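**Q** Requesting a structural model of the entry that follows:
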Amino acid sequence: MATEPFGQQLGLTDPARVPATSVMDEGRVVSAQAAEAKVRVATDNGPVLVQLKRVEGAWLVDAIAPAE
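**A** I've put the predicted structure just below:
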């Protein structure tokens, strides 16, 4: 589940251009606040940083970017 803006971006994304095909671990929270969190997740194409936002009691993905 994603925030509306990120969901719209995903709708414009060609899945064939996404280099990762598998998640390799459960992820590790690197920062968390009441309504936002960042989770580092290993994929088969390297780690990504998943940004989450709490919306109406649910955690939704708001962004995904390669982790540094």
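**Q** how about the residue nearest the centre of the chain, what does it touch?
**A** The residue lying closest to the centre of the chain (CA atoms, centre = their mean) is Val50, at 3.0 Å. For Val50, the contact set (CB atoms under 8 Å, 6 or more residues apart in numbering) comprises Gly27, Lys38, Val39, Arg40, Val41, Val61, Ala63, Ile64. No exception for glycine: its C-beta is placed from N, CA and C like everyone else's.
**Q** For my notes, confirm it occurs in a strand.
**A** Yes: with DSSP: H, G, I helix; E, B strand; the rest coil as the criterion, Val50 is part of a strand.
**Q** beta partners of it?
**A** Val39, Ile64 (DSSP bridges).
**Q** and if you look at the one 4 residues further on?
**A** For Arg54, the beta-bridge partners are Trp59 (DSSP bridges).
**Q** what does Ser31 give?
**A** Lys38.
**Q** Report the separation between the residue in the chain sticking out farthest from the centre and Thr3.
**A** Of all residues in the chain, Glu56 has its C-alpha farthest from the mean position, at 18.2 Å, by CA atoms, centre = their mean. Distance of Glu56 to Thr3, given as CB to CB, to the nearest Å: 11 Å.
**Q** for Val29, same thing?
**A** From Val29 to Thr3 the distance is 18 Å (CB to CB).
**Q** okay, those two: which has more neighbours?
**A** Neighbours around Val29 and Thr3, counted as other CB atoms under 10 Å, are more numerous at Thr3. The numbers are 16 against 10.
**Q** Next, the contact list for that one, please.
**A** By CB under 8 Å, 6+ apart, Thr3 lies in contact with Lys53, Val55, Leu60, Val61, Asp62.
**Q** Can you flag the buried ones in these?
**A** Those of the contacts of Thr3 that meet the buried threshold are Lys53, Leu60, Val61, Asp62, by 16 or more other CB atoms under 10 Å.
**Q** Output those residues in JSON lines; the columns should cover distance to Ser22.
**A** Formatted as JSON lines, those follow (distance: CB to CB, whole Å):
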{"residue": "Lys53", "distance to Ser22": "25"}
{"residue": "Leu60", "distance to Ser22": "22"}
{"residue": "Val61", "distance to Ser22": "17"}
{"residue": "Asp62", "distance to Ser22": "22"}
